[in-house]
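*Asks:* sharing a sequence plus its predicted fold:
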Amino acid sequence: VTDLKATLKSVIPARRERFLKVKKELSGKTFGDEKTSIGSILGGMRSQKSLYWESSMIDMDKGILFHGKTIEECQAELPQIPSISGSSEINEMVPEAMFWFLLTGKIPTQDQITGLSRELAELGELPDYVKKTLDNLPATLHPMSQLSIAITLLNNESKFARAYEKGIPKAEYWEHVYDDTINLIAKLPQIAAKIYHNTYKLNRINGDKLDYSLPGKIDLTKDLSYNYANMLGMTQESANINGLTEVQSQDFVNLLRLYIALHGDHEGGNVSAHSTHLVGSSLADPYLSYSAGIQGLAGPLHGLAAQEVVRFVLEMNEALTKENNGSTQYTNKQIKSYLWNHLNSGRVIPGYGHAVLRKADPRFDAMMAFAAARPTIKEQDPTFNLVVKLSEIVPDILKEHGKTKNPYPNVDSSSGVLFHHYGIKETLYYTVIFGVSRALGPLSQLIWDRILGLPIERPKSVNLDTIIKNAK
Ligand code: AMX
């Protein structure tokens with residue numbers, strides 16, 4: 001045993017005090033003759049323009065714009081896949097179309113989307129070694145860790161890594177990165193379905209033997225979201241594990257379509273996109289790059305908020321019901337007091353706030369519009385109604401709390417509760433669905449990074465002495 005930790009502990013107070021003093025006094029100044037503010041260097045580079053990203057940009061007021069188009073415009077213009085049985089009239093934009101648009105800037109035709117869905121379905125089956133590795137992971141391992149492990153393993157398949165090893169001209173990099181990207185996007189649904197099955201639904205057969213086979217298969221004639229739902233066992237054609245009606249299971253597929261298309265890209269500075277881009281800049285292949293993005297998505301201030309929101313709502317419901325002697329008819333006053341206690345204990349309210357946006361996230365609005373178009377959700381689901389109620393109460397509380405720059409709901413406020421509604425109650429799984437989606441934007445940018453020959457990223461770091469010396 002060394003006294004390293006004790007030594008560290010002893011130097012913390014003075015270093016922390018000096019850091020906070022410099023942050024307070026010099027944040028408004030710039031570093032030498034550069035435009036960079038010291039506040040930005042010490043404050044997570046918030047909103048500093050220092051990254052190139054083509055496919056999407058966040059407008060502080062309008063929210064995400066994909067190649068300049070709002071979510072509503074994308075929903076109106078991107079082709080949709082007609083409902084499976086033809087009985088549901090509500091179709092959603094599909095991830096295949098969003099990926100095509102993000103990558104090329106062009107709106108695909110229906111035929112092009114059908115072709116891409118087919119190509120992805122044909123590549124969707126995982127190699128045995130990935131299946132076996134997933135089957136051997138402990139069920140206690142967080143689903144996001146399982147996801148990053150499976151994606152990293154696929155690096156064994158990388159055409160880019162093989163070609164690079166052999167030696168290829170720079171101009172050819174992108175073609176291999178493209179092939180790896182398509183292969184990875186195609187395989188994500190089966191990885192994600194296996195994680196769900198292995199972690200939560202694995203059945204014991206013949207005593208100790210476990211049945212690792214998925215409750216549904218890839219259908220080559222169907223789109224990525226349908227196949228994902230099928231492998232999760234949530235369609236009529238698969239095991240229908242949650243006993244959904246035909247309309248409900250079609251709605252669930254449409255929810256996946258909307259969710260995956262919508263969460264695919266959120267410009268380049270968010271943690272998952274930036275990590276993918278940064279690691280990819282070292283010419284690590286798309287599997288390694290995106291697995292780094294997944295590690296970032298697994299942080300509670302980023303993608304993990306998707307799981308935290310529903311947990312927060314359920315815990316609040318439980319605590320207030322208990323306070324009310326078993327009655328769920330608690331008052332807004334009780335909700336407010338619960339929220340204040342939570343804030344006063346130094347915790348954030350998950351699903352609220354944003355680093356860049358300064359209004360309610362339009363992705364939140366789009367998910368809410370999905371729910372509004374299906375009135376039974378509101379009629380039958382108390383958890384959903386609680387989320388809606390919170391979205392009316394929390395902004396005022398956060399304004400009064402006075403810290404957060406954006407007191408409005410972000411995307412994670414609405415998504416988890418909809419998965420919950422269709423019977424995916426395992427909250428820790430929600431960020432995995434986010435991980436299936438987030439590949440679309442960062443990987444299409446990665447292809448462009450190689451097309452354009454972007455260099456390795458290497459910003460300059462500076463210590464506190466240098467900052468003080470150069471403050472202007
Ligand atoms: N509840 C309580 N306090 C909050 C808050 C919230 N929802 N959002 C921000 N604050 C606090 C911050 O912790 C910070 O406090 P500090 O000065 O004591 O450190 C202060 O308000 C200022 O923060 P900010 O500039 O408004 O936000 P940020 O850019 O530093 O962080 C975010 C943005 C999203 C991490 C933050 O709003 C947050 O923690 N939200 C809750 C978690 C969440 O929903 N994350 C999901 C984001 C969307 C996504 O990436 N999937």
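*Replies:* Received the coordinates, thanks. Remember, it's a predicted structure, so these values are computed and weren't measured experimentally.

*Asks:* state the three-state secondary structure for residue 243.
*Replies:* The three-state label given to residue 243 by DSSP: H, G, I helix; E, B strand; the rest coil is coil.

*Asks:* and it, how many residues sit next to it?
*Replies:* Look at residue 243: counted by other C-beta atoms under 10 Å, it has 8 neighbours. Where you see a C-beta, it was placed from the backbone N, CA and C, and this is true even at glycine.

*Asks:* contacts only, for it.
*Replies:* residue 423 (C-beta atoms under 8 Å, 6 or more residues apart in numbering).

*Asks:* next one: it from residue 422, what distance?
*Replies:* 11 Å (C-beta to C-beta, to the nearest Å).

*Asks:* which residue is the nearest non-sequential neighbour of residue 343?
*Replies:* Nearest non-adjacent residue to residue 343, counting by C-beta to C-beta, 6 or more residues apart in numbering: residue 401, 5.6 Å away.

*Asks:* per-residue confidence for the one you found?
*Replies:* Note for residue 401: predicted pLDDT of 96.

*Asks:* my read: it touches residue 344, true?
*Replies:* No. Here residue 401 lies out of contact with residue 344, judged by C-beta atoms under 8 Å, at a distance of 9.1 Å.

*Asks:* any idea whether the residue in the stretch 1-150 of the chain positioned nearest to the ligand is helix, strand or coil?
*Replies:* Going by C-beta to the nearest ligand atom, the ligand is nearest to residue 46 of the stretch 1-150 of the chain, at 5.9 Å. The three-state assignment at residue 46 reads coil, by three-state DSSP.

*Asks:* pLDDT below threshold where in this structure?
*Replies:* 83-90, 204, 206-207 (pLDDT under 70).

*Asks:* got the residues of it near the ligand?
*Replies:* 46, 270, 301-303, 305, 343, 348-355, 403-406, 410, 412 (C-beta under 6 Å from any ligand atom).

*Asks:* from those residues, list the buried ones, please.
*Replies:* 270, 302-303, 305, 343, 348-355, 404, 406, 410, 412 (16 or more other C-beta atoms under 10 Å).

*Asks:* residue contacts, the residue most central in space within the chain?
*Replies:* Closest to where the C-alpha atoms of the chain average out (C-alpha atoms, centre = their mean) is residue 434, at 3.4 Å. Each residue near residue 434 by C-beta under 8 Å, 6+ apart is listed here: 263, 297, 303, 306, 415.

*Asks:* same check, this time on residue 65
*Replies:* 56-59.

*Asks:* report the secondary structure state of it.
*Replies:* Following three-state DSSP, we place residue 65 in the strand state.

*Asks:* partners of it in the sheet?
*Replies:* residue 57 (DSSP bridges).

*Asks:* gap between it and residue 107?
*Replies:* Counting by C-beta to C-beta, the gap from residue 65 to residue 107 is 15 Å.

*Asks:* cool, residue 453 as well?
*Replies:* On the measure of C-beta to C-beta, residue 453 and residue 107 end up 27 Å apart.

*Asks:* how close does residue 451 get to residue 297?
*Replies:* Residue 451 is 25 Å from residue 297, by C-beta to C-beta.

*Asks:* show me which of these two is the more surrounded one.
*Replies:* More crowded of residue 451 and residue 297, by other C-beta under 10 Å: residue 297, with 28 against 14.

*Asks:* re the thing from before, the more surrounded of residue 401 and residue 344?
*Replies:* Between residue 401 and residue 344, counting by other C-beta under 10 Å, residue 401 is the more crowded of the two (15 against 9).

*Asks:* now the helices: where do they sit in the stretch 101-250 of the chain?
*Replies:* Under the criterion DSSP state H, counting those that start in this stretch, helices of the stretch 101-250 of the chain are mapped to 110-122, 128-136, 143-153, 159-166, 173-196, 224-232, 246-262.

*Asks:* pick the most deeply packed of the ones you listed.
*Replies:* A comparison of those by mean neighbour count, using mean count of other C-beta atoms under 10 Å, puts helix 224-232 on top with a mean of 27.

*Asks:* other SSEs contacting that one?
*Replies:* Packing partners of helix 224-232 (3 or more C-beta pairs under 8 Å, 6 or more residues apart in numbering; DSSP states H and E): helix 95-104, helix 110-122, helix 173-196, helix 246-262.

*Asks:* hmm, back to that, between residue 453 and residue 107, tell me which one has more neighbours.
*Replies:* Each of residue 453 and residue 107 has its neighbours counted (other C-beta under 10 Å); residue 107 has more, 15 against 10.

*Asks:* with adjacent residues omitted, what lies nearest to that one?
*Replies:* Leaving aside its chain neighbours, residue 107 sits nearest to residue 77 (5.6 Å; criterion: C-beta to C-beta, 6+ apart).

*Asks:* just give me the neighbour total for that neighbour.
*Replies:* 12.

*Asks:* am I right that residue 461 is in a helix?
*Replies:* No. Per three-state DSSP, residue 461 lies outside any helix segment and is coil.

*Asks:* burial check on it, number of neighbours?
*Replies:* Applying other C-beta under 10 Å, we find 7 residues neighbouring residue 461.
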